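**Student:** This is the structure alone, sequence omitted:
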């Protein structure tokens with residue numbers, strides 16, 4: 001009797017976490033801004049073209065924060081972040097720049113994606129994953145928040161609720177640490 005029940009129990013045990021993910025997956029997939037972790041890695045330079053051929057690169061602007069958002073069009077959490085990133089840009093204005101980096105996807109797929117979302121920031125193409133590798137990106141979405149230097153300060157290897165992110169707090173922290181030197 002136990003031999004017949006044991007396989008069924010194993011199936012239930014395997015299904016419980018899966019069902020919990022389905023039921024609570026959206027809440028679990030949306031990271032709070034507090035889940036952005038301090039990160040003190042390098043900021044590898046890059047110059048990548050967007051789907052129209054215009055080059056975009058990291059630049060130094062002392063009063064601006066840059067958010068690098070590595071994504072793929074097939075990644076559902078990545079797709080969910082695009083409207084929130086656009087709202088962030090509208091909400092805080094020129095003090096924040098967003099550069100979205102499409103990792104290893106065909107240009108046509110990215111152009112179709114952009115017609116759907118029409119982001120208010122540049123979307124560049126990392127066709128060969130060289131930039132993703134340089135930034136040690138192995139999970140999508142991955143985002144980095146850089147100060148004006150541009151030096152990485154925060155990173156998240158998950159989706160972020162950008163509607164709750166306040167870049168001014170990061171700028172205040174940066175200004176305090178600069179004045180203390």
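**Tutor:** Thanks, I have it. This one's a predicted model, so the numbers in the text were calculated from it and none came from an experiment. Residues are numbered from 1 along each chain as shown.
**Student:** Please tell me how far residue 53 sits from residue 124.
**Tutor:** 11 Å (Cβ to Cβ, to the nearest Å). Any C-beta I mention is one placed from the backbone N, CA and C, and that applies to glycine too.
**Student:** out of those two, which sits in the more crowded spot?
**Tutor:** residue 124 (22 against 8; other Cβ atoms under 10 Å).
**Student:** gap between the nearest residue to the more buried one once chain neighbours are set aside and residue 116?
**Tutor:** Of all residues not flanking residue 124 in the chain, residue 48 sits nearest, at 3.7 Å (Cβ to Cβ, 6 or more residues apart in numbering). According to Cβ to Cβ, residue 48 and residue 116 sit 21 Å apart.
**Student:** Same question for residue 160.
**Tutor:** Using Cβ to Cβ, residue 160 is found at 21 Å from residue 116.
**Student:** More neighbours: those two, which one.
**Tutor:** More crowded of residue 160 and residue 116, by other Cβ under 10 Å: residue 160, with 26 against 9.
**Student:** is it true that that one touches residue 82?
**Tutor:** No - the pair residue 160 / residue 82 is not scored as a contact, 12.0 Å apart, by Cβ atoms under 8 Å.
**Student:** Strands along this structure, start to end?
**Tutor:** All strands of the chain, identified by DSSP state E, fall at 30-31, 37-38, 47-49, 55-57, 65-71, 96-103, 123-126, 142-146, 152-156, 159-160.
**Student:** Domain map for this structure?
**Tutor:** 1-30, 32-179 (automatic domain parsing).
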